[in-house]
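Novice: Got a predicted structure plus its sequence, pasted below:
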Amino acid sequence: MQNLAIKYRPKNFNEILSQEHLVGSRGIFRGFVDNNYFPNAIFYGTAGCGKTTLARVIAKELKWDFYEFNATTIKVEELRYVIKQYKGALTHPLLFIDEIHRLTRNQEEVLLPFMESGEIVLIGASTANPYYSLSSAFRSRSHLFKLNSIKDSDIKVLLSKVIESENFSVDDEAIEYIVKSSNGDARGALNLLESAVMASDKVTLDTLKAIRGEVLRDGTSQSDSHYELTSAMIKSIRGSDINAALYYLARLISEGENPEFIARRLAILASEDIGNANPNALNLAASTTTIVSKIGYPEARIPLSQLVIYLASSPKSNSSYRAINSALKAVEDGLILSVPNNIKTHSKSYIYPHDFGGYVKQKYLEKELQFYKSSSIGFEKTLNDWIEKIKREE
């Protein structure tokens, strides 16, 4: 039997599933094709959402030569050979590179000038978010298009079409299981159906569960969910929602996210969003980062949970974050002040504060600046009291 995913791969825009924003009647891609045009582009989205298929259909609609590569195996010589064939030609090739986020710097440097000159059109595909995974040079020469996961309703329509066309015997509950367990992956749905048909004359729920016992997951290390789940966890902690934060932590853990990555993100939050409102948050985050690097899973889940609960429960302040950003902006905008003579190295006019009980008024800046504004939340209120008391006792 021919592979079902290949046999039923869409052949035109009308057959593309769940990407109406791109290929629907008012989709931007139809306008491009009508004008015999397509820009350098990056398609990103979950596995099985149709990135490769869409690139093939675009090449077919435009009647452009299509070359398909994978960034993990492509050779620079191959790229140069293809590009050379079209030098001076009236047409140009469409180069498709899967897993484009894995290109080496050398491979990128070969492609960039030809993308800019228009001698090739490149479409890259990735399950990783290109805003994080691709170089700025690549992003500036491409348009980024996010593809949706295939809707359950569309997968169900596709399965019904295949089942009827191939005359398969499949229970209704089996169809539902294929849809739900495929998690928006049309290829995964057809592959599961194909394996089940090869295993039994009648496809039942038991047959399917014996082949695929769990729902297909995005896999956080490369997919968009890596960033979405992490962002959701951070925002839940910032919003002091303990249970939501724990849920997203559990999702990250269950999908195999590196515990050290999670701990590092929590350490950043401890300083950025809690800061001196509870300085011990950063201490606990630092300890957790060290601990999880030593013990790994499954035990690492426990200190991560402890840290998440502590951070979500802590008073919040981003005063330190805002203060350094304000200071950096001032410097970047050209505010460059000379160091006053009294605090220069080996200055004889420097006044040693410890000789005056810990504080003495003297010049530290050429002009007065104000970057820090306390939130007066949590321990920051105590710090305010300290600095006020120090300066009162001059």
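Specialist: Structure received.
Novice: next one: phi and psi at Ile387?
Specialist: Reported as degrees, to the nearest 10, the phi and psi values for Ile387 are phi -70, psi -30.
Novice: And the lowest mean pLDDT element among the helices and strands of the protein?
Specialist: helix 130-133 (a mean of 75; mean pLDDT, DSSP states H and E).
Novice: Which other helices and strands does that one contact?
Specialist: helix 136-140 (3 or more C-beta pairs under 8 Å, 6 or more residues apart in numbering; DSSP states H and E). Just so you know, the C-beta spots here come from the backbone N, C-alpha and C atoms, and that holds for glycine as well.
Novice: buried set for the very next helix or strand once past the helix it packs on?
Specialist: As assigned by DSSP states H and E, the chain's next helix or strand after helix 136-140 is strand 143-146. The neighbour-count check on strand 143-146 (16 or more other C-beta atoms under 10 Å) flags 144-145 as buried.
Novice: just checking, what packs against strand 143-146?
Specialist: Helices and strands touching strand 143-146, by 3+ C-beta pairs under 8 Å, 6+ apart, are strand 41-44.
Novice: hmm, who's touching the following helix or strand past the strand it packs on?
Specialist: Using DSSP H and E, the helix or strand that follows strand 41-44 in sequence is helix 51-62. Contacts to helix 51-62, defined as C-beta atoms under 8 Å, 6 or more residues apart in numbering, come from residues 9-13, 16, 19, 22-23, 29, 33, 36, 38, 43-45, 65-66, 68, 94, 96, 98, 123, 125-126, 147.
Novice: Point out where the stretch 201-350 of the chain drops to low pLDDT.
Specialist: Residues of the stretch 201-350 of the chain meeting the criterion pLDDT under 70: 215-226.
Novice: If you could redo that for the stretch 1-150 of the chain, that was the one I meant.
Specialist: Residues of the stretch 1-150 of the chain that meet the cut-off, pLDDT under 70, sit at 1, 132.
Novice: Run through the strands of it in chain order.
Specialist: Applying DSSP state E, counting those that start in this stretch to the stretch 1-150 of the chain gives strands spanning 41-44, 66-70, 94-98, 121-126, 143-146.
Novice: Put together CSV for those strands, with distance to Tyr352 on each row.
Specialist: Shown next, in CSV, are those (distance: least, C-beta to C-beta, whole Å):
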stretch, distance to Tyr352
strand 41-44, 58
strand 66-70, 65
strand 94-98, 63
strand 121-126, 58
strand 143-146, 57
